[in-house]
Each structure stands twice: as C-alpha cells, then as structure tokens.
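1. Okay, predicted coordinates and the sequence, questions at the end:
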Amino acid sequence: MTTKSPETDLATELERFVKEQSSRFGDVISYVPAKKSMPEKTTPSVKSTTSVPSVELDLLADKLKVHNKEPWFKAKTLEALEAAIHDCQKCSLGATRIKFVFGVGDPHAKVMIIGEAPGADEDASGEPFVGRAGQLLNKMLAAVEFKREEVFIANILKSRPPNNRDPKPEEVAACEPYLWKQISLIQPKLILCLGRIAGTNLLKLNESLGKMRNQDYNFCGIPVVVTYHPAALMRNPDWKHGAWEDLKRLRKMYEELPA
Ligand code: URA
C-alpha cells in the first residue's frame, strides 16, 4: 500500500477543487461548494477602503527618494528596472545565486503576491514560485479565480539564500527598495503576503503569522492580506482551512474594488 504525503494530499485536493469547481479546497471545508463560497460580486461603494488614494502612493515615492542616485531609480517600466538591477551585488547573495529572480506577471496587475525568497527551483529558472510551493500557489490562486498570469508575483529577496535559510536583515535592506519600486510601477490595488517573513518585512512589524492573519493592514495605502506560505501549507495541511478563509477575504476585497 502506498502512503500519500500530506503535501500530495493537499495538492491533489486543490487540483480536484479547481478542476471540478464543485469539489473541495480541503476536507475541512468540504461543506463549501466552490461557486457558492465565492464572494458575491458587489457594486463597489464610493467609500471603499480598498481604493488607493494617490497621496498614499506619494509615501512610496518618499521611501524611494533616498535611492535617487541609483541607476534603477528612474526606471519607468518593469523591463527597465530589471535591466538595471539584474546584476545586483549589493549583498553577498549576489555571489552565490545562479539567477536573479525579478518577478513575473501582469505589469498592470491589480493583485501582487509577495513571497520570501527564491528557492532552488527559482534560482535555477529565474522565475518565482515555480517549484512545488509554486504549483500549490497556482492552485490556491485558481481556487479563488485568479490566474497566475493576471497577478504579479515577487519576493522580498531577489536572490536565493544558501540552503533556503531566512533572509538576513542586511539582505532585506539591500533588496527591498527594488520591491518598493516594483510596487510603485505596478500600483497594485491589493497585496497578498505569503508567510510571516513576507508579512513582517513588508509591513515592518514584529508579529507572528497568527497575529497578522485577519488583520487589515496597508502598505503605503495598498491593502495587504497576510496568509500562510504554500510551503508551510504543504507541511501543515491542517492550516488549509485558514488559508482558504484568507484567500476568500482577498477575493472579496478584489470584488469590492472600485471599477
Ligand atoms: N518560496 C518563496 O517564498 N518564493 C519563491 O519564489 C519560491 C518559494
């Protein structure tokens, strides 16, 4: 008899959920049929908290201002930004990475997904979330009716930390202005942070993931939802119900965005 690993179970369940659209995200939420569980499409109210007033994007411009002497600062497109930073050697990860992992997706995405740092598969391919965690991320997105191509996916770090260790503060400090610049070019309406490291570093908080989930945060006026990292969900399938709730919250916020 073959024993399935929890991660195989979760991936299989998610796949079935997406394929059949009437199946399940996971056993614990089998009472929620996919179509019925999706947030209703509502007419956005004028006072929606999910709009991004341009004045708040000025906060982002302020954060970037100190980098105004750097060659990438004036980039007007994501392509120009990538061309300016892909050889970065500001931290020691520049010497150990195979590929710089800039990010991928729609340059006008309304939803930006932020993970922690590239792993081995991403380092080899140059694209974020292409390994097993990435496949699960695709299924999580599809479960709430987002295609991978319609969001933009990036990480706190653009280079792989050896052995997938946690990012060091000096690595985050060197790399995060690139992420801020990406955010300022894309101007997403919503951000989804995957895991504690993404959430705490973007939001500059020292909180547990448990505390950050279900909280209304914003990054320079852009609403932020923090949920589990897909790799953590593969290790802890019991958390999938919580992840599903977070993703439904994100989808509801998306439905309520002003047109
Ligand atoms: N984990 C991350 O946080 N990012 C990736 O790109 C891949 C795995």
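-> On my side now, so go ahead.
2. Any stretches of this protein with poor pLDDT?
-> Applying pLDDT under 70 to the chain flags the ranges 1-55.
3. how deep is whatever residue of the chain ends up closest to the ligand tucked in, by neighbour count?
-> Going by Cβ to the nearest ligand atom, the ligand is nearest to G115 of the chain, at 3.0 Å. All C-beta spots, glycine's among them, are computed from the backbone N, C-alpha and C. As a burial measure, G115 scores 28 neighbours (other Cβ atoms under 10 Å).
4. tell me the contacts of it?
-> P128, F129, L137, I153, A154, N155, I156, L194, G195, A198, H229 (Cβ atoms under 8 Å, 6 or more residues apart in numbering).
5. Next to the ligand, which bits of the stretch 101-250 of the chain? Give me the list.
-> Within the stretch 101-250 of the chain, the residues that sit near the ligand (Cβ under 6 Å from any ligand atom) are G115, E116, A117, P118, G119, E122, P128, F129, A133, G134, N155.
6. Out of those, which sit inside helices?
-> Counted as lying in helices by DSSP state H, out of these, are E122, A133, G134.
7. Which single one of the contacts of G115 is nearest to S208?
-> Closest approach to S208 among the contacts of G115 (Cβ to Cβ): G195, at 11.3 Å.
8. For the closest one, give me its contacts.
-> G195 neighbours (Cβ under 8 Å, 6+ apart): G115, E116, L209, Y228, H229, A231, A232.
9. Quick check: the farthest pair among the contacts of G115?
-> L137 and I156 (15.3 Å).
10. what's the next secondary structure element after the biggest helix by length in the chain?
-> Looking across the chain with DSSP H, the single longest helix is helix 169-186. Remark: after helix 169-186, the chain's next helix or strand is strand 190-194, criterion DSSP states H and E.
11. just checking, what packs against that following strand?
-> If you count contacts as 3 or more Cβ pairs under 8 Å, 6 or more residues apart in numbering; DSSP states H and E, strand 190-194 packs onto strand 111-115, helix 196-203, strand 222-227, helix 240-255.
12. Need the residues that contact that strand.
-> With Cβ under 8 Å, 6+ apart, strand 190-194 has contacts from 50, 110-116, 137, 183, 199, 202-203, 212, 219, 222-230, 250, 253-254, 257.
13. That one to strand 111-115, inter-axis angle?
-> Relative orientation of strand 190-194 versus strand 111-115 (axes from the mean of the first three to the mean of the last three Cα atoms, to 10 degrees): 20 degrees.
14. from the chain's centre, how far out does strand 190-194 sit?
-> Averaging C-alpha positions (Cα atoms, centre = their mean, to the nearest Å) puts strand 190-194 5 Å from its chain's average.
15. same deal with stretch 114-124?
-> On Cα atoms, centre = their mean, the centre of stretch 114-124 falls 12 Å from that of its chain.
16. List the contacts of G126.
-> For G126, the contacting residues are K99, F100, V101, F102, by Cβ under 8 Å, 6+ apart.
17. Any idea how many residues pack against the second one?
-> Counted by other Cβ under 10 Å, the residues lying close to F100 total 19.
18. Is it part of a helix or strand, or is it coil?
-> Recorded secondary structure, F100: coil (DSSP: H, G, I helix; E, B strand; the rest coil).
19. thinking again about what came up before, any chance of the helices and strands packed on strand 190-194 in CSV, plus distance to R160?
-> Converted to CSV, the helices and strands packed on strand 190-194 look like this (distance: least, Cβ to Cβ, whole Å):
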stretch, distance to R160
strand 111-115, 12
helix 196-203, 14
strand 222-227, 22
helix 240-255, 24
